[in-house]
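Trainee: For reference, the sequence and a predicted model appear below.
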Amino acid sequence: MKTFSHGISVSHCKGATERLAIEAAAVPARVVLPLQQNLGVPAEPLVQVGDLVAEGQKIADSPKFISAPIHASIAGKVVRIERIANPAGFPTPSIVIETAEDAPPPASGVTRSWETLDPAQIRGIVREAGIVGLGGATFPSHVKLSPPAEKRIDTVIINGCECEPYITVDHRLMLERPADLLDGAAVVARAVGAERILLGVENNKPDAIGRLQAVIDQEKRRGLQIVPLKTKYPQGGEKMLIKALLDREVPSGGLPMDVGAIVHNVGTTVAIAEAVCSGRPLIERAVTVSGSGVRTPRNLRVRIGTSLAEVLNQCGGIVDDAAKVIMGGPMTGTAVSSLEAPVVKATSAILVFTAREVRSFAEGDCIRCGRCLRACPVGLMPNYLANFARQKDWDRVAAYHVTDCIECGCCTYVCPARIFLVQHFKVAKRELQIRKAR
């Protein structure tokens with residue numbers, strides 16, 4: 001069974017939702033849309049307070065290449081444009097829309113065949129739809145589809161691993177919308193001129209593997225191959241997938257395109273199919289709502305900008321001893337500061353945990369056990385990096401390649417001293433960015 005070196009085994013905790021179909025959540029009466037929803041330059045408002053907007057209308061954009069527009073996820077009136085706390089608790093410029101009876105209707109949909117489009121047209125459609133990586137990284141998808149001419153892409157990899165515990169929406173999309181997924185993969189391949197498409201799926205999802213293979217066989221789709229992968233965390237990381245599927249190693253400081261590949265996750269690929277074939281911008285996304293603190297776990301299709309409180313209410317609310325809410329998976333997600341925070345493009349899951357499960361630890365001293373080195377899927381030395389970061393020795397932090405850290409959390413998970421390794425690396429990366437900008 002194909003896989004990568006190092007990594008860890010984790011409890012999957014997917015049983016509560018993996019057999020639940022994705023349902024449409026109720027359309028909210030109010031949405032909060034932060035203007036920073038991509039890894040890159042934030043968007044700037046194209047509307048003013050008092051404007052009436054249609055569902056799907058572009059309301060913010062940026063002329064910068066590494067950015068993505070924002071669209072109204074409901075029809076209504078713009079009632080506020082101001083700084084509002086994002087899910088991490090930081091004030092972020094945001095647009096607030098409330099439903100209004102006199103709001104304009106949505107634009108008419110389009111139906112088109114992706115096979116009639118050239119690569120430049122595909123990239124333009126994907127950009128205008130505001131699509132970003134929906135696995136959590138939120139890198140603008142049109143940028144991935146625009147490799148430099150000297151970077152020949154021969155393989156598109158679709159990440160169907162969904163290796164984070166609890167999250168099951170990509171699993172469900174593979175079961176419920178296999179044709180859309182395969183169409184999206186073909187669109188991506190056409191955009192970058194790739195001849196081969198590999199769909200990597202962990203072997204704990206045999207039903208998804210079987211469903212996709214059946215559609216490929218029935219529709220006689222060529223150039224597509226389903227590759228079962230060993231179930232291990234973080235199998236869904238770009239570099240891990242490329243190593244497992246192609247036996248190619250992305251160089252330090254490099255990108256997948258440097259070894260002839262690009263990677264999109266399942267949710268992003270389906271969104272690309274929707275944008276290209278149906279003209280639908282990214283105004284909603286699939287979200288797993290789970291954890292012992294949720295009364296009725298569900299997989300929901302949620303309008304971006306809906307408050308976490310409203311989504312949780314549609315899942316029966318939270319239990320009395322709920323103590324922590326995490327947006328995203330437990331390994332890489334972010335603890336939210338308020339349930340009034342909105343669902344954003346990066347929200348793959350809303351997880352609620354009880355007081356019994358949430359414990360605080362004080363950092364201990366490194367005992368030099370080497371577990372973090374054996375776990376790191378990138379081959380870094382987390383123990384040394386943490387020491388250098390604590391000492392604010394930024395030159396040595398850079399020399400030991402902290403920027404190659406993918407923040408998967410493996411090192412922190414296995415550390416017996418409970419050292420907050422990933423947090424130290426995040427601080428170090430931020431410091432290096434600041435120093436570079438000076």
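Mentor: In hand now; what should we look at?

Trainee: and residue 320, how many residues sit next to it?
Mentor: For residue 320, the count of nearby residues is 8 (other Cβ atoms under 10 Å). C-beta: built from backbone N, CA, C; applies to glycine.

Trainee: so where does it fall, helix or strand?
Mentor: In this structure, residue 320 sits in neither a helix nor a strand according to DSSP states H and E.

Trainee: Flag every buried residue along the longest strand belonging to the chain.
Mentor: When the chain is parsed with DSSP state E, its longest strand is strand 76-85. Neighbour-count burial for strand 76-85, counted by 16 or more other Cβ atoms under 10 Å, picks out 76, 77, 78, 81, 84, 85.

Trainee: do stretch 280-299 as well
Mentor: For stretch 280-299, a neighbour-count test (16+ other Cβ under 10 Å) marks 280-294, 297-299 as buried.

Trainee: Likewise for stretch 199-216?
Mentor: Buried residues in stretch 199-216 (16+ other Cβ under 10 Å): 199-202, 204-205, 208-209, 211-213, 215-216.

Trainee: Tell me which of these fall in strands.
Mentor: Per DSSP E, the buried residues of stretch 199-216 map to strands at 199, 200, 201, 202.

Trainee: quick one: residue 172 is in a strand?
Mentor: No: applying DSSP: H, G, I helix; E, B strand; the rest coil, one finds residue 172 to be helix, outside a strand.

Trainee: I figured it was touching residue 160, is that so?
Mentor: No: counting by Cβ atoms under 8 Å, residue 172 does not reach residue 160; the two are 11.4 Å apart.

Trainee: So these two - more neighbours on which side?
Mentor: In this view residue 172 and residue 160 are compared by other Cβ under 10 Å, and residue 160 has more residues nearby, 27 against 21.

Trainee: On the pLDDT front, check the nearest residue to that one once chain neighbours are set aside for me.
Mentor: The shortest distance from residue 160 to any non-neighbouring residue, by Cβ to Cβ, 6 or more residues apart in numbering, is to residue 201 (4.0 Å). On pLDDT, residue 201 comes in at 98.

Trainee: how much space between residue 201 and residue 157?
Mentor: 11 Å (Cβ to Cβ, to the nearest Å).

Trainee: Residue 2 now?
Mentor: Residue 2 is 12 Å from residue 157, where distance means Cβ to Cβ.

Trainee: cool, and residue 103?
Mentor: 41 Å.

Trainee: again, but for residue 202
Mentor: Per Cβ to Cβ, residue 202 is found 14 Å from residue 157.

Trainee: One more: residue 329?
Mentor: Distance from residue 329 to residue 157, counting by Cβ to Cβ: 20 Å.

Trainee: repeat for residue 243
Mentor: According to Cβ to Cβ, residue 243 and residue 157 sit 11 Å apart.

Trainee: what's in contact with stretch 402-422?
Mentor: Identification of contacts with stretch 402-422 by Cβ atoms under 8 Å, 6 or more residues apart in numbering yields 6-8, 10, 233-234, 237, 239, 252-253, 331-332, 361-367, 369, 371-372, 374-378, 380, 382, 385-386, 389, 423, 425-426, 428-429, 432.

Trainee: which residues in the stretch 251-400 of the chain form strands?
Mentor: Under the criterion DSSP state E, counting those that start in this stretch, strands of the stretch 251-400 of the chain are mapped to 261-265, 284-290, 298-303, 322-327, 334-335, 349-354.

Trainee: picking up where we left off before, overlap of the contact sets of residue 2 and residue 157?
Mentor: The contact sets of residue 2 and residue 157 overlap at residue 245 (Cβ under 8 Å, 6+ apart).

Trainee: Who has more neighbours out of these two?
Mentor: Neighbour comparison, residue 2 and residue 157: the larger count goes to residue 157, with 26 against 16 (by other Cβ under 10 Å).

Trainee: so who does the more buried one touch?
Mentor: Counting by Cβ under 8 Å, 6+ apart, residue 157 touches 197-200, 241-242, 245-246, 256, 261-264.

Trainee: switch the cut-off to 10 Å
Mentor: 185, 188, 194, 196-200, 227, 238, 241-242, 244-246, 256, 261-265 (Cβ atoms under 10 Å, 6 or more residues apart in numbering).

Trainee: just residue 396 next, same as before
Mentor: With contacts defined as Cβ under 10 Å, 6+ apart, the neighbours of residue 396 are 384, 385, 387, 388, 389, 402, 428.

Trainee: The same query, at a cut-off of 6 Å, please.
Mentor: residue 388 (Cβ atoms under 6 Å, 6 or more residues apart in numbering).

Trainee: in the stretch 251-400 of the chain, which spans are helices?
Mentor: Ranges of helices in the stretch 251-400 of the chain, per DSSP state H, counting those that start in this stretch, are 266-278, 308-313, 371-375, 382-390, 394-399.

Trainee: Highest mean neighbour count out of the ones you listed?
Mentor: helix 266-278 (a mean of 25; mean count of other Cβ atoms under 10 Å).

Trainee: packing partners for it?
Mentor: Where contact means 3 or more Cβ pairs under 6 Å, 6 or more residues apart in numbering; DSSP states H and E, helix 266-278 is packed against helix 119-128, helix 169-176, helix 178-192.

Trainee: what helices or strands is the last one leaning on?
Mentor: Counting contacts by 3+ Cβ pairs under 6 Å, 6+ apart, helix 178-192 is packed against helix 119-128, strand 155-159, helix 206-219, helix 266-278.

Trainee: The third one - what's its average pLDDT?
Mentor: The average pLDDT within helix 206-219 is 96.

Trainee: Show me which positions of the helix or strand that that helix is followed by end up buried.
Mentor: Counting by DSSP H and E, the next helix or strand C-terminal to helix 206-219 is strand 224-229. Under the neighbour-count criterion of 16+ other Cβ under 10 Å, strand 224-229 has 224, 226, 227, 228, 229 buried.

Trainee: picking that back up, in its sheet, what does the longest strand of the chain sit against?
Mentor: Within its sheet, strand 76-85 is paired with strand 52-53 (antiparallel), strand 91-98 (antiparallel), according to DSSP bridges.

Trainee: any chance of these in TSV, plus mean neighbour count?
Mentor: Shown next, in TSV, are the strands paired with strand 76-85 (neighbours: other Cβ atoms under 10 Å):
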stretch	mean neighbour count
strand 52-53	19
strand 91-98	20
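
Trainee: Mean pLDDT and distance to residue 438 for the ones you listed - can I get that in JSON lines?
Mentor: Formatted as JSON lines, the strands paired with strand 76-85 follow (pLDDT from 0 to 100; distance: least, Cβ to Cβ, whole Å):
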{"stretch": "strand 52-53", "mean pLDDT": "98", "distance to residue 438": "40"}
{"stretch": "strand 91-98", "mean pLDDT": "97", "distance to residue 438": "24"}
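
Trainee: Which one of those strands lies nearest to residue 303?
Mentor: Smallest distance to residue 303 across the strands paired with strand 76-85 (Cβ to Cβ): 10.4 Å, for strand 91-98.

Trainee: Now do that closest one: distance to the chain's middle.
Mentor: On the basis of Cα atoms, centre = their mean, to the nearest Å, strand 91-98 is displaced by 21 Å from the centre of the chain it belongs to.
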